[in-house]
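Asks: can't give you the sequence, but here's the structure:
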């Protein structure tokens, strides 16, 4: 079992139960364990009973803020557990007027990074019964005994280069902050792709995007996708065809990524939720990298007061094309 | 208050008294100046030619050696070179990469780079200094001579108002002396022209001294060994009122009741002028 | 399916020479929805228009495509023709087969298929065209002029003379502005007050003009024809109805403050009128220096006032009014030269700015009109004028030329010689710029008849020595260093935008250049209009300029305002943005990028489960929207669209053009 | 006199390495008015910029001015066109030295008395300014 | 594979779709016409009110439907009829241009240019040079929708 820390779960529960049971919030968005020990799924807690199920372990990857979009229709005040990325997602929703700050109480959870089950079993090399964690190490409980590994090596891709593990916005911070991180490899893949020739790059994306099933899980998981009706599903105008066909797949993914320009918080939920492993985060990161290079550093979701780069300009902005 | 301290070559030679008096005064004020364990000449001039990165190796090595802690120097030229090298390291990524790669050090322009006068003004405070004065320099008419290197370029040096600086006057006031202001206090003394164009340096120095005399100064203080050399050696002062030139630290030490050249008024020292 | 008619113009041989008209007509018949196709030699002629009108009626057409010259030429002509036949004019599309086709391609083989593609695109777009109505807007027959300097006064007088009511809002206690501070005006040397004062009085007495002095604009809402403005009238503490302007109060007032009008060179009382010819001649009490307001006692003015006009209890008042047009004429400031430490301004009383020197000449100024040094009261014998202080200076000042300094420096040097005949003037200049009627002749007179020494070069440093100012400069024509022991130095400090210009711009909704001068709508052809319809600019708030230019611009702005006010109704833009509120998620990114503040949030109610859900969505004010369409691009879900250039129309054009192969 | 046409190598070198463009100068002369050693210059600072604008390479190479400039930065501090003339002078010195080869000034030219009395700072800076 | 995708270089002419803002670039195109300048007929212009109206999706749409190159033209920065439309499009289209290049399009396929209403010569030059560059690159097959092409070839 991923018993990382019973104490910390208790601490989280303690912090929220008073508010939930005392009526300060109508609903708590947290995590509970799923069917398998390596799954933690969203928890919609309304009662003490519900709170018993609360989990805070190394599998709470799901970004909870996005659930506010729907839940706020039915609740006046919602408490949300927020990791670094959930909090940035919250700020993003705030900037898009999707939520009001006073409708939500944020419980901040500085995040150590979530573990990748695929990496775990790969490391285990066989049936994995569970894990225990201590001091940055993970002990894999396998049939033949125990095996130790560095926690950092087992993180989800989206967590590996996370720069802001601490919530940028919260009402109450439940643990001590982790501090800003380097994330040196964040743009590594983007840079590798940039090195390729146009033909190679097109080949790469053609291959990757050919797998797309057009299930839109990426969109459903994304905190910047907050449209009431996505362009891809509109009848009038018919922005693009719905068939999963190479040209339409390009259309969908390029426009989806473009819609995240200056808005993507780099939480990686799109890529994590993709059932066919399309490296979607690289498209997002390409835009983050370019916007930073062209129009100054901007990390979406860090500061809800800072104007997103596509909603502002400077007369002396540079361009990615010749201005002569 | 603890600082890393970069003396520079001249302070170990011609300008030994600037170092001695500063260290003594600092000690008396509770300011700890810890000399860098290894240091090299700063290069004396900041390279203005963009591809002269080789000249930056030494100052950047010094900056990196401070390990991000505040780094203090006394000589105006050293401070100038260090401060500008730091600014370049902050501003120009390309230059930073070339220099630090070559030196195999990590340095990205961090740490405060201070002249000792800035320590007195910003960290200690002149009010505090005034309280520490043991022997106020009452009745002495002292003019500050800033020269170039501390003030310009002001965007980088950020030392004081480049046209109307007050930091030295404020110190002189705190030491109990009478401040005398001359309009030539920010004009160049001729610098190294004393080596190659003696006549030119004689003109510049004469103007500075005459102007200070006209304002009624008896003593001129500076933070630059070369300025002092020029002021003392380049002008023909025949028949003019003598003006003594001291390092700022010497009158500081004197007012603190510590031994200094200015306090001892030693006979071995040549007075300017002899006439 | 639409019933589209296509009409192709030969334009003599202009189109027909390179485009095979028959083939094109034939091809057009095959476009989806096309039920009629025809051609004519000159469609824009009356006969040509008749052909279109008739065909619409006869064939029951509901869309029209004309293949002719650029829509920028004759779109309106053809729209009128369509309207003649009872069709909404916006159901017509133009395919530009002349400028963009027949004139730029050599032969029929090239141009004909392209013309067909362009027509196909126009037909595809037309099929999606909708009937549009340009909004008709009311016009409030009243104008607001912000700023009571010569520009504001002139604009107000012109508008008032045309029969419309005008309010002048002036932040100072009197109208008059900068011109009131000047001694004489170049190049004629008329006394500034003598030509300005009658205009001030005329404005005050004009039945159509209301002066709101000591007042500021607080808020501007609305749009062309209907600006809703809040004006704050600051408390004067003097009842203007009772006050007779007798002057006893300021004579008796015991406390003093630095005079703004005298550029700080003299004092005024705490109850004061800024200058002797002030309009209105009603004083104000300056709370900051008044003994009563500071310490609660004194009240001498109250006791001495014969008509008992003093009222310490007066409060700021907010006036709310609607205006059809606004003229912004807020004037300029002078750059503060203390940023040039080498010139020592502020450290010596005999180092002055140009505007300060103006006051030294003035009979009611700080020296009573005697040209003397402020340090010792003696007349200056050597005066150095330095030009371009902060002008043409991209390092520390302004990159532009202030335009007026060359002339006023020459003027001041002449006046100096007249007042102090044995004075010698030196002018350090970089270039002398004297564009203007009689200007060059005037400046030459200064040099030739008034013994003004023009030195081409700049000054490096000024410092006091003994009883004079040492000015160290260069004459770059002889390349000699010059040292002048001067009695006085006059710095021609740059003309800059008012410090509060950015705030005024934001308030009124007009934009500025990087120096905070307000932007005209077009640098050549719309010099007094702004990008906001109904708001005009005049005078030095737009750029440095002299009095004649300011007055011309003020009259021009007035004419534009009169033209607007004379209309019964205004026609708005038909191609405006529109929000599909059911789809709008309310992110309001469109609001953030709209250059016209035409988009605002609005709360709507929607059914949700058993109840009602309130939510915020965007709304477009069609009167403000100018139809740029940037909002439609910002909107990721296409919930805001631009009429006339809608998403589906543009995509239909793309599709149709690409069908070519 | 050479005509100022074509590109001079000296001037192009100077421009590239100093990052300064002489064409930004409108000859107001403030640099020359401010220069403390102006009187000793055969070409005043603003003239140097004018000669650069005209491409008068030979005249510049022969001028004393770059060698008399003391790098006091007053010109740059006061220039309304934001031209760093101190960098221009340094650029010229180095471009001339590199083009010509050899040093302008060395220890051999100093008297023993000077060598003893001068502060190290003066010697180092002098050599650095005038040598390759 | 459809016939359209088997085009041979011989006899092939590229299709360039150019979106021009009404106030500057479209007027610049008019001036090129009135001045009788010439540029290849491969370029077809679609008029939009402002470069700020330019939705990047329109560019992809053109590629899908068979365009070999797309050129967006607007007023020079500072000259926008709507004050800020081109400032906004400069940011949007810069980000988007880099993105389409990242997806594997050659940089020449999508360009943005500022052309004023007085620059008829520049309009003609840009249209000519765009056409030449695309000719040198050959037909665009990336993102081209085969279904669309096979449908259209029947029309």
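Replies: Yes, it's here. The structure displayed is predicted, hence computed values, not measured ones.
Asks: CA atoms for contacts and neighbours, from now on please.
Replies: Will do.
Asks: let me know the secondary structure of residue 75.
Replies: Just going to use chain A. At residue A:75, secondary structure determined by DSSP: H, G, I helix; E, B strand; the rest coil is coil.
Asks: switch to chain D, please.
Replies: Applying three-state DSSP: residue D:75 is helix.
Asks: residues in contact with the residue lying closest to it once chain neighbours are set aside?
Replies: Nearest residue to residue D:75 in three dimensions, chain neighbours excluded: residue D:31, at 4.3 Å (Cα to Cα, 6 or more residues apart in numbering or on different chains). Contacts for residue D:31 (Cα atoms under 8 Å, 6 or more residues apart in numbering or on different chains) come out as C:460, D:45-46, D:74-76, D:78-79.
Asks: now, among these, which is nearest to chain A?
Replies: Using Cα to the nearest Cα, residue D:79 comes nearest to chain A of those, at 23.8 Å.
Asks: just to revisit the earlier point, roughly how far does the residue nearest to residue D:75 sit from residue A:48?
Replies: 79 Å (Cα to Cα, to the nearest Å).
Asks: then residue E:89?
Replies: 52 Å.
Asks: higher neighbour count, those two?
Replies: The neighbour comparison of residue E:89 against residue A:48 (other Cα atoms under 10 Å in any protein chain shown) goes to residue E:89, with 27 against 13.
Asks: tell me, what's the model's pLDDT at that one?
Replies: Each residue has a pLDDT score; the one for residue E:89 is 97.
Asks: not counting sequence-adjacent ones, nearest residue to it?
Replies: Closest to residue E:89 by Cα to Cα, 6+ apart is residue E:52, at 4.9 Å.
Asks: surely the one you found is in contact with residue C:632?
Replies: No - Residue E:52 lies out of contact with residue C:632 (Cα atoms under 8 Å); the separation is 9.0 Å.
Asks: neighbours around the closest residue to chain C within the stretch 51-200 of chain B, how many?
Replies: Closest contact between the stretch 51-200 of chain B and chain C, by Cα to the nearest Cα, is at residue B:163 (4.8 Å). Counted by other Cα under 10 Å, the residues lying close to residue B:163 total 23.
Asks: quick one, what contacts it?
Replies: Residue B:163 touches B:186, C:340-342, counting by Cα under 8 Å, 6+ apart.
Asks: let me know the helix or strand that residue C:134 is in.
Replies: Using DSSP states H and E, residue C:134 maps to neither a helix nor a strand.
Asks: count of neighbours near it?
Replies: 15.
Asks: isn't it up against residue C:569?
Replies: No - in this structure, residue C:134 is not within contact of residue C:569 by Cα under 8 Å, at 11.5 Å.
Asks: which residues do the two both contact?
Replies: Joint contacts of residue C:134 and residue C:569 (Cα under 8 Å, 6+ apart) do not exist.
Asks: which residues in the stretch 101-250 of chain A form strands?
Replies: A:104-108, A:128-134, A:137-142, A:145-150, A:172-173 (DSSP state E, counting those that start in this stretch).
Asks: just tell me which of those strands ends up closest to residue E:101.
Replies: strand A:145-150 (37.9 Å; Cα to Cα).
Asks: adjacent strands (with direction) for that closest one?
Replies: If you go by DSSP bridges, strand A:145-150 pairs up with strand A:137-142 (antiparallel).
Asks: run the chain-centre distance for the strand it pairs with.
Replies: Here the centre of strand A:137-142 is set off from its chain's centre by 25 Å, with Cα atoms, centre = their mean, to the nearest Å.
Asks: sketch out the low-pLDDT regions of the chain for me.
Replies: All of this is about chain A. A:1-5 (pLDDT under 70).
Asks: my question was about chain E
Replies: For chain E (pLDDT under 70), the answer is E:1-10, E:148-155.
Asks: can you do 50?
Replies: E:1-9, E:150-155 (pLDDT under 50).
Asks: helices along that one, start to end?
Replies: In chain E, the helices defined using DSSP state H lie at E:25-34, E:56-65, E:85-102, E:120-137, E:146-152.
Asks: neighbours of the closest residue to residue C:493 other than its chain neighbours, how many?
Replies: Leaving aside its chain neighbours, residue C:493 sits nearest to residue C:389 (4.7 Å; criterion: Cα to Cα, 6+ apart). Using other Cα under 10 Å, residue C:389 has 26 neighbouring residues.
Asks: quick one on the thing from earlier: which of the helices of chain E is buried the deepest?
Replies: Counting by mean count of other Cα atoms under 10 Å in any protein chain shown, helix E:25-34 has the highest mean neighbour count of those, with a mean of 26.
Asks: so what secondary structure elements neighbour it?
Replies: helix E:120-137 (3 or more Cα pairs under 8 Å, 6 or more residues apart in numbering or on different chains; DSSP states H and E).
Asks: mind checking if stretch B:230-237 is in reach of chain D?
Replies: No - for stretch B:230-237, no contact with chain D is found by Cα under 8 Å from any Cα of the partner chain; the gap never falls below 9.1 Å.
Asks: determine how far that stretch lies from the middle of the whole chain.
Replies: Using Cα atoms, centre = their mean, the offset of stretch B:230-237 from its chain centre is 19 Å.
Asks: repeat for stretch A:306-314
Replies: Distance, centroid of stretch A:306-314 to centroid of chain: 23 Å (Cα atoms, centre = their mean).
Asks: for chain C, what's the nearest residue on the stretch 51-200 of chain A?
Replies: residue A:96 (4.2 Å).
Asks: ok, that residue - contacts?
Replies: C:586-589.
Asks: and which of these is nearest chain A?
Replies: residue C:587 (4.2 Å).
Asks: given the helix or strand that contains residue C:216, what are its sheet partners and their directions?
Replies: Counting by DSSP H and E, the element that carries residue C:216 is strand C:215-223. Strands that pair with strand C:215-223, judged by DSSP bridges, come out as strand C:226-233 (antiparallel).
Asks: residues in contact with the partner strand?
Replies: Contacts of strand C:226-233 (Cα under 8 Å, 6+ apart): C:138-140, C:169, C:212-222, C:316-325.
Asks: among the residues you listed, which ones are buried?
Replies: Listed as buried from those are C:138-140, C:169, C:212-220, C:222, C:318, C:322-325; burial here means 16 or more other Cα atoms under 10 Å in any protein chain shown.
Asks: quick revisit: so after the one helix or strand the residue nearest to residue D:75 maps to, what's the next helix or strand?
Replies: Using DSSP H and E, residue D:31 maps to helix D:30-34. Next along the chain after helix D:30-34, taking DSSP H and E as the criterion, comes helix D:45-54.
Asks: hmm, that next one touching chain B?
Replies: No - legend: contact between helix D:45-54 and chain B by Cα under 8 Å from any Cα is lacking; minimum distance shown is 15.5 Å.
Asks: what helices or strands is that helix leaning on?
Replies: helix D:30-34, helix D:57-62.
Asks: for the longest one, which helices and strands make contact with it?
Replies: Think helix D:57-62. helix D:45-54.
Asks: for the helix it packs on, the averaged confidence score.
Replies: Rounded mean pLDDT across helix D:45-54 is 95.
Asks: ditto for stretch C:229-244
Replies: Mean predicted confidence for stretch C:229-244 is 97.
Asks: burial of the spatially closest residue to residue A:91 that is not a sequence neighbour, as a residue count?
Replies: Among residues not flanking residue A:91 along the chain, residue A:301 sits closest, at 4.9 Å (Cα to Cα, 6+ apart). Neighbour count for residue A:301, taken as other Cα under 10 Å: 29.
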